[in-house]
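# sequence and computational prediction follow.
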Amino acid sequence: MADRWFASDNNAAAHPRVMEALARANEGHAVGYGDDPLTAAAEAKVGSLFGPGALVRFVLNGTGANVYAIGCFAGQGDAILCSDCAHILVDETGAPSAVLGAQLVPLETRDGKIVAASLRETIGSYDDMHKPRPAVLSLSQPTEVGTVYAPEKLAELTRLAHDAGLAVHVDGARLSNAAAALGLGPAEASGYRAADGSRGVDAVSFGGTKNGLMFGEAVVFSPAADLPDTARLRKTRLQLASKMRYIAAQFDEYARDGLWRDCALAANRRAAALAAGLVDRGYPPEYPVETNGVFVRLPPAVVETLRKKRFFYDWEGGAVRWMASWDTTDDDVAGMLADLDGALASAGLRVGGGAAGQPYGAGAGAGAEAVEPPEAAAEKAAALAEGRRLLRSNWDRVDALRSPESLGLPAPPFVRPAPDGAALVALPDPLASGLGAKAFADCQASRRSRRKYLPEPVSLEELSFMIWSCAGVKSIKNGNAFRVVPSGGCRHPLDLIIYARRVEGLAPGLYRHLATDRALALLRPASVVPGADPERNGCLSLDEELDAALSGQLWNSAAVFVWTAVPYRTEWRYTVAAAKTLLLDAGHACQALYGACEALGLGTCAQAAYDQQRLDEALGVDGIDEAAVYVASTGRVAAR
């Protein structure tokens, strides 16, 4: 078993400067209980990190700091609102309830951060004499899963709580790590000094033990808070140290020359390097790695093999937690990853250079020497984790969050209107053309992506058939447009914009499909470029712009289909589940287009690699309430 590990930052040694400060304090006699010059100086130094009027009280430990701080605002029969993964809720043995007699009320979170709507709804539902009085909102910065609140989000939550008469407490056991990640001071990172200039939080537990101190924490109270006798209350909460100078000496050094920041930055950087190593091995962390915690889900056999060499803790939901500390070194990270490689190899899984769970030896090994900057690695790890979270079902959260539909708000229109003054082109009836008679089995058997198109036009009838196959309306009933492709809740959040390049009977240009009218509305005409080769890309005035937006994938097609997403159509019913549902809808639509092209003897190729901003701008959509989400080129291909 290694003698250094990633189980907890509580396991690290104290910083040498802290030990030296303790040794200096360990001379002669000093008045007890904080009435000594060193304690006064340390309180002033920590207070200066927060601002004029800050009241600093040193305490013995983290749980004590939280209970003492919260207990200045909440008591018997009150409610303490906190995140559903808050340390005070899941890892402090019920101390706030046992000591204060107050009830802990969990709020919904996203990546460990409280959702404002959940706070608002809970405050409203507790406006009842039969429920405890909401007295305190307790926030964690960073969260229990290592993520960080933006200062604006802290200000929003604080404002909601204050407007309802609640005090706001911040559990800042790792506040230094959050501040370092944000590039801010403790006051700004904790919300003590609000980002929007409003009243900040009322009390902050400013931790040190997890970041280089031997023991002790600080509680910082705002001068704007309505406080009881905090000196006497510290004694009754069993947090008054008799030899206070030993806590004060540590914080005096901790606040000197930014030692708190240096220690936190070191831990954050090593966590980012560890996360990058996991990503390289195909195991992106469960949550964005923003501070010094890494949460990852590994195969059980790998975990048990690795546990024989490294001490670490399991986490909820089948993940494990690895924490970097102020004294974690590059060699520690390399050693951990080397042991992980051994555990992966023992389980017959790939050591590096590929997707998680692939057989060992199926691709590149662990010997790659490319080094990625920690910041880039952390960004990549966060993006990969965000993508994997999108893949998971979150329907359990839909019931917890009231949708606009459940609130009685009107449904949004199921089609976008034609732009004022736009020229309209009626589409031929696709079912009257006799096209698309090829057998389904034959279409499926021959289906493939085809991107080599002949410089020949498709007919307007063929274009109409392709559009109908993936966006056609069958009927309109009860305020819904029932289409030929499925959509979650019949919400149909997709619109269709066509770049027509070679369509008989249709002038080149960008067109919006008007599904209920079976028509196209001209958005932007495309003129012929004088002297350009009419059989190649670049022959039309919009070609260069569209080709750049499509990352060079215009492919001399006859027509390009761009599905745009109008998210609110699905959010109106399914709130946080809308994004994944919308993407599934896009897959249904594009697959239908593939079938139609096979039936017509045409080719198509789906595209997801495009420049979002450029394409949105070319289409004339805002990228927020409507944005491009999927693309497919179509055209005539050589005889099969």
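Sure, I can see it. Residues are numbered from 1 along each chain as shown.
# going by C-alpha atoms from here, please, whenever you check contacts or count neighbours.
Fine.
# host element of Leu496?
Leu496 belongs to strand 494-500 when assigned by DSSP states H and E.
# what residues sit buried inside that strand?
Leu494, Asp495, Leu496, Ile497, Ile498, Tyr499, Ala500 (16 or more other Cα atoms under 10 Å).
# how far is it from where the chain is centred?
In terms of Cα atoms, centre = their mean, to the nearest Å, the centre of strand 494-500 is found 30 Å from the chain centre.
# now for it, which elements pack on it?
strand 509-514, strand 559-565, helix 578-600 (3 or more Cα pairs under 8 Å, 6 or more residues apart in numbering; DSSP states H and E).
# partners of that strand in the sheet?
Looking at strand 494-500 with DSSP bridges, its partner strands are strand 509-514 (antiparallel), strand 559-565 (antiparallel).
# got a list of contacts for it?
If you take Cα atoms under 8 Å, 6 or more residues apart in numbering as the criterion, strand 494-500 is touched by 415-416, 471, 506-513, 558-566, 582, 585-586, 619.
# give me the domain ranges for the chain.
For the chain, the structural domains run 34-254, 263-391, 424-636, going by automatic domain parsing.
# so can I have CSV of those domains showing distance to Met19?
Compiled in CSV, the domains of the chain are given as follows (distance: least, Cα to Cα, whole Å):
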stretch, distance to Met19
domain 34-254, 8
domain 263-391, 14
domain 424-636, 49
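# taking these together, which one is wrapped up most tightly?
domain 34-254 (a mean of 21; mean count of other Cα atoms under 10 Å).
# so how far does that one reach from one end to the other?
Terminal residues of domain 34-254 are spaced 18 Å apart (Cα to Cα, to the nearest Å).
# could you do stretch 498-510 as well?
6 Å.
# stretch 425-436 too?
22 Å.
# please apply the same query to stretch 394-404.
Using Cα to Cα, the end-to-end distance of stretch 394-404 comes out at 18 Å.
# any buried residues in that stretch, and which?
For stretch 394-404, a neighbour-count test (16+ other Cα under 10 Å) marks Leu401, Arg402, Ser403, Pro404 as buried.
# let me know the closest of the residues you listed to Ala441.
The closest of these to Ala441 turns out to be Ser403 (Cα to Cα; 41.2 Å).
# which SS state does that closest one fall under?
coil (DSSP: H, G, I helix; E, B strand; the rest coil).
# surely it is in contact with Ala577?
No - in this structure Ser403 lies outside contact range of Ala577 using Cα atoms under 8 Å: 10.7 Å.
# can you check which residues contact both of the two?
Joint contacts of Ser403 and Ala577 (Cα under 8 Å, 6+ apart) are Glu571.
# wait, doesn't Trp326 sit right on Gly212?
Yes - between Trp326 and Gly212 there is a contact under Cα under 8 Å: 6.5 Å.
# any residues in contact with both of the two?
Shared contacts of Trp326 and Gly212, defined by Cα under 8 Å, 6+ apart, comprise Ala12, Cys263.
# quick check: Cys539 touching Ala526?
No - look at Cys539 against Ala526 with Cα under 8 Å: they stay out of range, at 9.6 Å.
# might you list the low-confidence residue ranges for this protein?
350-372, 374-375, 378, 640 (pLDDT under 70).
# longest single strand anywhere in it?
Ordering each strand of the chain by length in residues (DSSP state E) puts strand 627-636 first.
# now render the buried residues of stretch 394-404 as a markdown table, adding distance to Ala249.
Below are the buried residues of stretch 394-404 laid out as a markdown table (distance: Cα to Cα, whole Å):
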| residue | distance to Ala249 |
| --- | --- |
| Leu401 | 48 |
| Arg402 | 51 |
| Ser403 | 53 |
| Pro404 | 55 |
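# of those, closest to Leu81?
Relative to Leu81, the closest of the buried residues of stretch 394-404 is Leu401; by Cα to Cα it sits at 17.2 Å.
# isn't the closest one right next to Ala116, touching?
No - with contact defined as Cα under 8 Å, Leu401 does not count as touching Ala116 (10.8 Å).
# going along the chain, name the strands of the stretch 101-250 of the chain.
Assigned strands in the stretch 101-250 of the chain, in chain order: 103-107, 109-110, 113-114, 133-140, 167-172, 203-206, 217-221 (criterion: DSSP state E, counting those that start in this stretch).
# now swap in the stretch 351-500 of the chain and tell me
Applying DSSP E, counting those that start in this stretch to the stretch 351-500 of the chain gives strands spanning 424-426, 473-477, 480-483, 494-500.
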